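Engineer: Let me see the structure of the following:
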Amino acid sequence: MKNKLLVWTLLLSAGALGYLIHNEHIIILFPETYSLESTSSQSKPSNISLYTWNQNGTYSKETISLMFTNTKRKNIEQIVKKWLLAQEYQTIPVTTLKNAALSFDEKDLFINFSSYPFNRQASIYAKLSWIQGLFKTIKEYNASIEHVYFLAQQKTLTDYELDFSHAWPIEGFLE
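Structural biologist: Residues are numbered from 1 along each chain as shown. Got it, this is the predicted structure:
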């Protein structure tokens, strides 16, 4: 009797865990493996354009040179950090990127900010334009990314006007 109860408990637990992983309620990321080669041999310089939205309603394009590694996640983190630095000249609160993660198929990007990245009094259009500038920058580096999840302090970003509880398509709005 105890063996049957133990088997049923294990099966129920395994099923619940499988359901949560399948529906992305639990995300498992494995640590990256590091090679013994020096980072200078793995890095290569590349130009990337940063698209920032200005208060006058246009996007400015700034081309910078970055040292890319062979890890897409690290490259995206580096790009987003540089993009946020370019945003500091705008009237947005200072926020930093804590980390970024790619899904296994590299179609979903999870961006985790240190705090709420927008000005609370900003208009919906200003927020969407800020997001579109980020998406243009990311898409120029990696066109295979289809959706972006926004997080702040490892929690879903909350906003009264925009819904961040679902993934945002990297293209398809504010064209």
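Engineer: how close does A143 sit to K44?
Structural biologist: 19 Å (CB to CB, to the nearest Å). C-beta coordinates here come from the backbone N, C-alpha and C atoms, glycine included.
Engineer: Closest to the centroid, which residue in this structure?
Structural biologist: I111 (2.5 Å; CA atoms, centre = their mean).
Engineer: How about residues contacting the longest helix belonging to the chain?
Structural biologist: Longest helix in the chain by number of residues (criterion: DSSP state H): helix 2-22. Here helix 2-22 makes contact (CB atoms under 8 Å, 6 or more residues apart in numbering) with 26-28.
Engineer: could I have it exported to CSV, CA atoms only?
Structural biologist: Only the C-alpha atoms of helix 2-22 are listed here, as CSV (Å, rounded to 0.1, in the frame of the first residue of the first chain):
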residue,chain,number,x,y,z
LYS,A,2,2.8,2.4,0.9
ASN,A,3,4.6,1.6,-2.4
LYS,A,4,1.5,2.4,-4.4
LEU,A,5,1.1,5.7,-2.6
LEU,A,6,4.8,6.5,-3.2
VAL,A,7,4.5,5.7,-6.9
TRP,A,8,1.4,7.8,-7.3
THR,A,9,3.0,10.7,-5.5
LEU,A,10,6.1,10.5,-7.7
LEU,A,11,4.0,10.3,-10.9
LEU,A,12,1.8,13.2,-9.8
SER,A,13,4.8,15.3,-8.9
ALA,A,14,6.6,14.5,-12.2
GLY,A,15,3.5,15.3,-14.2
ALA,A,16,3.0,18.6,-12.4
LEU,A,17,6.7,19.5,-12.9
GLY,A,18,6.4,18.6,-16.6
TYR,A,19,3.3,20.7,-17.0
LEU,A,20,4.9,23.7,-15.3
ILE,A,21,8.1,23.4,-17.5
HIS,A,22,6.0,22.9,-20.7
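Engineer: need the helices for the chain, in chain order.
Structural biologist: Using DSSP H, helices in the chain cover 2-22, 39-42, 72-87, 124-141.
Engineer: Save these as CSV, and put in mean neighbour count and mean pLDDT too.
Structural biologist: Putting these into CSV (neighbours: other CB atoms under 10 Å; pLDDT from 0 to 100) gives the following:
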stretch, mean neighbour count, mean pLDDT
helix 2-22, 10, 88
helix 39-42, 10, 48
helix 72-87, 18, 87
helix 124-141, 19, 88
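Engineer: need the ones you listed in a markdown table with distance to T95, can you?
Structural biologist: As requested, those are exported to a markdown table (distance: least, CB to CB, whole Å):
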| stretch | distance to T95 |
| --- | --- |
| helix 2-22 | 29 |
| helix 39-42 | 27 |
| helix 72-87 | 7 |
| helix 124-141 | 11 |
